[in-house]
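Colleague: I'd like to go over a predicted model; first the sequence, then the structure.
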Amino acid sequence: MASERVNYLPHVQSLRCRACSREYPVEPVYVCDFCFGPLEVSYDYEAVSRSISRKSIESGPHTLWRYDDLLPVGREYAVDIGAGMTPLIRSNNLAGEFGLHEVWLKNDSANPTWSFKDRVVSVASTKALEFEFEVLACVSTGNLAGATAAHGARAGMKTLVFVPGDLESGKIVGAAVYGPTLVAVKGNYDQANRLCSELGDERRWAFVNINMRPYYSEGSKTLGYEIAEQLGWKAPDHIVTPVASGSMFTKVWKGLNEFAELGLIDGVNTRMHVAQPEGCSPVSRAFLDGHTHARPVVPDTVAKSLAIGDPADAFYALRIARESGGTAVIVPEHEVAEGMKLLADTEGIFTETAGGVTVSALRRLAKDGVIKPGESVVALITGNGLKTLELMDPYVDPVSIDPTVESFDANVDGRVS
Ligand SMILES: *Cc1c(COP(=O)(O)O)cnc(C)c1O
Ligand SMILES: [Zn+2]
């Protein structure tokens, strides 16, 4: 496709089927015609290794685009509102609560639309412009809606966002504000996703997580790259990851392993742990039952951002969890809000439900001795609590006083926590 924006990079080879390895040209396609396996971007790592180094990365922009040697599109025309290079914060207090010494919090709630989804959409929307799409679309469990609407606005594209009808208002407003066509589907995510797959076949839209999925998912690798770079060019002993479709989980792993292959880090001995809420835990369930595939469920969870009952990347996530020596946790529903509250109380970070799932899973893994006190662990805090305010209602109880010292002394004094 001819375009003034074309900046095909020499290191991007093809799309390759993850199941049967058949190759396809770099186009907006996502499924293997032969075996229906998912397509993935493949790179010429020899070419990459000639251009990339710790130094070249460190001198790049302070966004995920510093890693564009390992992305399917270059940074020259990037749709860049600042996704990536979020803080990696060493835990002071939470680690102590759990009897651990080295806990790191990767705070992806600090992204431009307050979730990790800005990473995937920044890459997918840039690729969509290169392919000369005019419409940027997505089907979202919540956070993707805001990320797509914002990047579409920045790119000057029309945007079309599908969400399940029961979404939190923070996520609806957090998408609507950027002016997309916002479609609330009466049904759950999996139903909306099926609808969008049908719609997408007929029209020329860049559906970031359907026909653009091979490019979209590559954006998640940058989370792995940043963790390694921010730890001083090494991989941690453990990573605890909230899982919805499983894409992020597989790509964090891919990112770390690419860094090792390119000699940017010494090796990867990271154990990858899946965290899911009880009301939607098909991947964790399959792991614990020893299955290679997830059995689809109908989600019923407060962690709506993770409510995918039929996760596309379950098979690959399960394989990585096992190969890496990781495990899987099913977090009881009441521990989702508890995890959110605990992180806020101990570290001053307000995360959404997915982060609550991660924190509670970390507690479980420490308690069970899966993560040992001397080992390093990174917990992925993937979204911001201001989008799921409802969950914190039980904890909100201000003391009401008259504007007088007497009233303060009578009602508050001595109750400062
Ligand atoms: C989308 C999302 C995830 C995980 O997404 P995958 O579909 O598994 O890649 C995790 N946390 C939050 C907050 C999300 O929005
Ligand atoms: Zn195939």
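Modeller: Received, thanks. Numbering: from 1, shown residues only. Ligands and ions are numbered 1, 2, ... in the order given.
Colleague: Can you name the residues of the stretch 101-250 of the chain that neighbour ligand 1?
Modeller: The stretch 101-250 of the chain comes close to ligand 1 at residues 115-117, 143, 242-249, as judged by C-beta under 6 Å from any ligand atom. Backbone N, C-alpha and C define where each C-beta goes, glycine included.
Colleague: my bad, should have said the stretch 251-400 of the chain
Modeller: So the stretch 251-400 of the chain meets ligand 1 at 305, 352, 354, 382-383 (C-beta under 6 Å from any ligand atom).
Colleague: ChimeraX command to pick out the buried ones of these?
Modeller: Burial among these is assessed by 16 or more other C-beta atoms under 10 Å; the matching ChimeraX selection reads:
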select :305,352,354,382,383
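Colleague: how about TSV for the residues of the stretch 251-400 of the chain next to ligand 1, with secondary structure added?
Modeller: Formatted as TSV, those follow (DSSP: H, G, I helix; E, B strand; the rest coil):
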residue	secondary structure
305	helix
352	coil
354	helix
382	coil
383	strand
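Colleague: can you give me the strands in the stretch 301-417 of the chain?
Modeller: Listed in chain order, the strands of the stretch 301-417 of the chain (DSSP state E, counting those that start in this stretch) span 328-331, 376-381.
Colleague: Give me whichever of these is most buried.
Modeller: strand 376-381 (a mean of 26; mean count of other C-beta atoms under 10 Å).
Colleague: Ends of stretch 267-279, what's the gap?
Modeller: The first residue of stretch 267-279 is 36 Å away from its last residue (C-alpha to C-alpha, to the nearest Å).
Colleague: Report the buried residues of that stretch.
Modeller: In stretch 267-279, counting by 16+ other C-beta under 10 Å, buried: 268, 270-279.
Colleague: Then stretch 320-339?
Modeller: Buried, per 16+ other C-beta under 10 Å, within stretch 320-339: 320-321, 324, 326-331, 333, 335-339.
Colleague: Next: stretch 366-374.
Modeller: Those would be 366, 370-371, for stretch 366-374 by 16+ other C-beta under 10 Å.
Colleague: List the ones among those residues that fall in helices.
Modeller: residue 366 (DSSP state H).
Colleague: helices or strands next to the helix or strand harbouring residue 286 in the packing?
Modeller: Here residue 286 sits within helix 282-289, counting by DSSP states H and E. The criterion is 3 or more C-beta pairs under 8 Å, 6 or more residues apart in numbering; DSSP states H and E, and the helices and strands that helix 282-289 contacts are strand 271-277, helix 314-323, strand 328-331.
Colleague: Direction included, what does the first one pair up with?
Modeller: Strands that pair with strand 271-277, judged by DSSP bridges, come out as strand 238-242 (parallel), strand 328-331 (parallel).
Colleague: Okay, now the unreliable bits of the stretch 1-150 of the chain?
Modeller: Confidence mapping of the stretch 1-150 of the chain against pLDDT under 70 gives the ranges 1-9.
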